[in-house]
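> no sequence for this one, just the structure:
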């Protein structure tokens, strides 16, 4: 009977050791990697806060492959943000604002229809993107309006200038008109008038 109890105690000790080892293995394979992933995820969120979308996209891309939290959604959003940042850069030099406006409308729709997330930092960035889209669209429209007004003013000034040249040439002669234009408007306009 003593032998049976001793074997039974050994059996219980072996089972306990196996259980402890199993728990340690589970912790090592589940908890520790998730802690590392969580740390990376937080780095990605910090990159979003600092508007370093390239770094955030890279981090979320790696985490999305492991299906960690909402990293797939965050990665997709960062790709849109990177594209939107390039559109914002193009607007400063764009001569064809219709193309840029189409891009802006596309991103406005994307940022207004993004999926649900419970992450406050990502929600704040989406809200920021929406505001940026609205502001950029308003800036582009205002710039287009100013350019149209400038073109109209220039057209009216040119018409008035040509009318003045014509009237002066009709009444006082061509050479006097050129001299008067030179004195009033400068040599560049004389070249324009004589052409």
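Nice, I can see it. Remember, predicted model here, so these are calculated numbers, not experimental data. Numbering: from 1, shown residues only.
> what is the burial count for residue 34?
The number of residues packed near residue 34 is 14, by other CB atoms under 10 Å. C-betas here are computed from N, CA, C, even on glycine.
> please, which helix or strand holds it?
Taking DSSP states H and E as the definition, residue 34 sits inside helix 32-49.
> what's in contact with that helix?
53, 55-56, 59-60, 62-63, 66, 68-69, 71, 74, 78, 119, 121-122, 125 (CB atoms under 8 Å, 6 or more residues apart in numbering).
> mind running it again at 10 Å?
Outside helix 32-49, the residues that touch it by CB atoms under 10 Å, 6 or more residues apart in numbering are 52-63, 66, 68-71, 74-75, 77-78, 81, 119-122, 124-125, 128.
> so which of those belong to helices?
Using DSSP state H, the subset of the contacts of helix 32-49 located in helices is 53-63, 71, 74-75, 77-78, 81, 120-122, 124-125, 128.
> may I have the phi/psi pair for residue 68?
phi -90, psi 120 (degrees, to the nearest 10).
> next one, pLDDT for the closest residue to it other than its chain neighbours please.
In space, and not counting its chain neighbours, residue 68 is closest to residue 37: 4.7 Å by CB to CB, 6 or more residues apart in numbering. If you check residue 37, the pLDDT there is 83.
> go on, the one 4 residues further on?
Predicted confidence (pLDDT) at residue 41: the value is 87.
> burial measure for it, as a count.
Residues near residue 41, counting by other CB under 10 Å, number 20.
> and it, how far from residue 119?
Noted for residue 41: a distance of 9 Å to residue 119, by CB to CB, to the nearest Å.
> quick check: residue 58 touching residue 75?
Yes: proximity of residue 58 to residue 75 meets the contact threshold set by CB atoms under 10 Å, at 8.9 Å.
> between those two, which one's more packed in?
A direct count of neighbours by other CB under 10 Å for residue 58 and residue 75 places residue 75 higher, at 20 against 15.
> now do whichever strand or helix holds residue 88 against helix 53-65, angle only.
Using DSSP H and E, residue 88 sits in helix 71-91. For helix 71-91 against helix 53-65, the angle by axes from the mean of the first three to the mean of the last three CA atoms, to 10 degrees is 160 degrees.
> who does helix 71-91 touch, helix- and strand-wise?
Helices and strands touching helix 71-91, by 3 or more CB pairs under 10 Å, 6 or more residues apart in numbering; DSSP states H and E, are helix 32-49, helix 53-65, helix 97-112, helix 120-172.
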